[in-house]
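Q: Structure of the sequence below:
(one chain, ligands or ions: 2)
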Amino acid sequence: MIQFSGVSKWYGDFQVLTDIDFTVGRGERIVVCGPSGSGKSTMIRCINRLEEHQKGRIVVDGTELDHNARHVDVVRREVGMVFQQFNLFPHLTVLQNLMIAPVQIRGVPKREAEETARYFLDRVHIAHKADDYPANLSGGQQQRVAIARALCMKPKVMLFDEPTSALDPEMIKEVLDVMVKLAEEGMTMVCVTHEMGFARTVADRVVFMDAGRIVEEAAPEAFFSAPKSPRARAFLGQIM
Ligand code: ADP
Ligand code: MG
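A: Ligands and ions are numbered 1, 2, ... in the order given. Predicted structure coming up:
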């Protein structure tokens with residue numbers, strides 16, 4: 001579903017990603033972790049071309065991300081993304097937040113877009129907030145709306161960039177529960193998160209990054225109980 005081969009990226013003179021080789025199979029759930037500044041966000045943002053790589057190849061579901069704008073459009077149709085800071089439109093209601101992209105970008109008829117929106121709001125247990133504005137929702141509720149909004153575009157892959165790190169502790173679980181459900185239903189997922197309970201429950205593989213490189217890749221049990229690299233051991237020592 002996703003293939004990185006020898007991917008490198010620079011911000012000016014600063015090399016943020018070095019020679020990344022990374023494969024995600026259909027239906028696989030990957031957790032990406034590592035110290036702050038190690039390039040996790042940059043790597044997953046390359047998957048939907050929010051960031052451009054300068055070297056190597058990235059192929060998503062058979063389409064290469066290159067300078068062909070049509071290729072980028074094809075990939076973006078298939079990839080949904082959820083950010084740390086929910087990024088909901090503040091001037092739109094919850095329902096409108098879910099309908100705007102399907103209607104305006106995809107040309108989905110309004111009635112159909114509303115039906116889909118209500119379906120996914122129900123799935124994230126927030127149907128009763130459809131007519132509220134984001135500011136009137138808790139952080140956990142806003143993040144569940146953001147997940148539902150991404151799902152309304154019927155993505156084949158979901159990317160999560162630290163979706164619970166801006167949340168109060170009591171709201172983390174309600175968001176993780178939604179993500180676990182999605183994983184159980186077979187969604188291909190790449191999640192940057194330090195929620196190790198989540199990683200143990202759903203991840204097929206944990207990818208550990210440090211200083212722009214993938215340092216270690218292992219099944220969660222192996223990674224958490226016996227990390228191979230000193231850097232992963234040091235990292236786990238800090239967060240666990
Ligand atoms: P992580 O998500 O692991 O914390 P990031 O991918 O956000 O790491 O950032 C990796 C490195 O790249 C950091 O040193 C950060 O300061 C730098 N960086 C991120 N975005 C930019 C940018 N737009 N311009 C320059 N440097 C950046
Ligand atoms: Mg980040």
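
Q: Show me which residues of this structure sit near ligand 1.
A: 11, 14, 16, 34, 36-42 (C-beta under 6 Å from any ligand atom). All C-beta atoms are positioned from the backbone trio N, CA, C, and that covers glycine.

Q: again, 5 Å this time
A: 11, 16, 36-42 (C-beta under 5 Å from any ligand atom).

Q: from those residues, which two are the most distant?
A: Tyr11 and Ser36 (15.7 Å; C-beta to C-beta).

Q: Can you select the buried ones from the residues of the chain next to ligand 1 in PyMOL?
A: Buried members of these, defined by 16 or more other C-beta atoms under 10 Å, are picked up in PyMOL with:
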select buried, resi 16+38+39+40+41+42
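
Q: Which ones among the residues of the chain next to ligand 1 lie within helices?
A: Counting by DSSP state H, those place 40-42 in helices.

Q: Is the residue lying closest to Met187 once chain neighbours are set aside bridged to anything, and to what?
A: Spatial nearest neighbour of Met187, excluding adjacent residues (C-beta to C-beta, 6 or more residues apart in numbering): Met158 at 5.5 Å. Counting by DSSP bridges, Met158 is bridged to Gly80, Met189.

Q: Pull the contacting residues for Met158.
A: The contact partners of Met158, taken as C-beta atoms under 8 Å, 6 or more residues apart in numbering, are 79-82, 150-151, 182, 187-190.

Q: Could you do Gly34 as well?
A: 40, 208-210, 215, 235.

Q: residues near the residue nearest to it when sequence neighbours are not counted, how many?
A: Counting by C-beta to C-beta, 6+ apart, Gly34 lies nearest to Met209, which is 3.7 Å off, once chain neighbours are set aside. The number of residues packed near Met209 is 27, by other C-beta atoms under 10 Å.

Q: doesn't Gly39 make contact with Met209?
A: Yes: contact criterion C-beta atoms under 8 Å: Met209 and Gly39 qualify, at 5.7 Å.

Q: what packs against the longest helix anywhere in the chain?
A: In the chain, assigned by DSSP H, the helix with the most residues is helix 169-184. Helix 169-184 is packed against helix 139-151, strand 188-192, helix 196-202, with contacts defined by 3 or more C-beta pairs under 8 Å, 6 or more residues apart in numbering; DSSP states H and E.

Q: one more time with 10 Å
A: On a contact count with 3 or more C-beta pairs under 10 Å, 6 or more residues apart in numbering; DSSP states H and E, helix 169-184 meets strand 29-33, helix 110-123, helix 139-151, strand 157-161, strand 188-192, helix 196-202.
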